[in-house]
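Chemist: sequence plus the predicted model coming up.
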Amino acid sequence: RGRPPAVSLDDARRAGLLDDRLINRHGRQEMWHFWALPLLTAPVLAIVTAAGAPPVLAFGVVNAALLWIGFLVLRRRRSLTMAVLLCLSPVVWWIDKPQVEVFTFVWILLGCLAIPRLAVAALCFAIAATQNPPIAGLIVLVWLSGLAQLPRRRGDQLLLLAALAIAMACPPCASTNVTS
């Protein structure tokens, strides 16, 4: 309790995931995921703690704001009924928790709504993948869709799409462990 989630070095070695750059001060290995939501929440956390409120409130504020953005975009692009039903789904249970579910949900939602604009969709999926790496598979699907449309699209736009997607989905390649 009170320690960041991490795995033992033996467990990391057995799983083939051992990475010396991720070993924390407790001698356990952190994982690459879950970096974007805390980064987004940090400024709100500074305000909340300065006001004397519990730090977990910062995640609630950020989660509520993200869900509100998803609601507004969905209402504008589809319908009020769809926005209400989707945004009052079980995702609401996660709003007050310091978890990544709302973040991931909203960025996948925004990516799906952006599908005709492939670069925007890929970027939204890449942002979601910063919290849950397997979501990067959606970027591949968007990229393949772009390849299928290549005669109608400029090649440099497709390269930009791939570069943005890879840059957002793979920041752990260039980041360091900041939780030690």
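Modeler: That came through fine. Numbering: from 1, shown residues only.
Chemist: show me the shaky parts of the protein.
Modeler: Where the chain drops to pLDDT under 70, the residues are 1-5, 31-33, 150-180.
Chemist: just the buried residues of stretch 59-68, please?
Modeler: Neighbour-count burial for stretch 59-68 flags Phe59, Gly60, Val61, Val62, Asn63, Leu66, Leu67 (criterion: 16 or more other C-beta atoms under 10 Å). For glycine as for every other residue, the C-beta is placed from the backbone atoms N, C-alpha and C.
Chemist: what sits against the last one?
Modeler: What it means is Leu67. Contacts for Leu67 (C-beta atoms under 8 Å, 6 or more residues apart in numbering) come out as Cys87, Val91, Val92, Ile95, Val102, Phe105, Val106.
Chemist: quick check, the fifth one in contact with Val61.
Modeler: No. Assessed by C-beta atoms under 8 Å, Val102 is found out of contact with Val61, at 11.3 Å.
Chemist: how far does stretch 50-60 stretch from start to finish?
Modeler: Start-to-end span of stretch 50-60 (C-alpha to C-alpha, to the nearest Å) is 16 Å.
Chemist: what's it in contact with?
Modeler: Here stretch 50-60 makes contact (C-beta under 8 Å, 6+ apart) with Leu37, Thr41, Val44, Leu45, Ile47, Val48, Thr49, Ile95, Asp96, Lys97, Pro98, Gln99.
Chemist: could these go into TSV alongside secondary structure, neighbour count and distance to Gly16?
Modeler: Converted to TSV, the contacts of stretch 50-60 look like this (DSSP: H, G, I helix; E, B strand; the rest coil; neighbours: other C-beta atoms under 10 Å; distance: C-beta to C-beta, whole Å):
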residue	secondary structure	neighbour count	distance to Gly16
Leu37	helix	22	26
Thr41	helix	20	31
Val44	helix	17	37
Leu45	helix	20	34
Ile47	helix	12	41
Val48	helix	19	39
Thr49	helix	13	39
Ile95	coil	18	36
Asp96	coil	15	36
Lys97	coil	13	31
Pro98	coil	17	29
Gln99	coil	16	27
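Chemist: closest to Val140 among these?
Modeler: When those are compared for distance to Val140 (C-beta to C-beta), Leu37 wins out at 23.1 Å.
Chemist: give the contact list for the residue nearest to the closest one when sequence neighbours are not counted.
Modeler: What sits nearest to Leu37 in space, not counting adjacent residues and going by C-beta to C-beta, 6 or more residues apart in numbering, is Phe103, at 4.7 Å. When contacts are counted by C-beta under 8 Å, 6+ apart, Phe103 touches Ala36, Leu37, Leu40, Val62, Asn63, Leu66, Ala128, Gln131.
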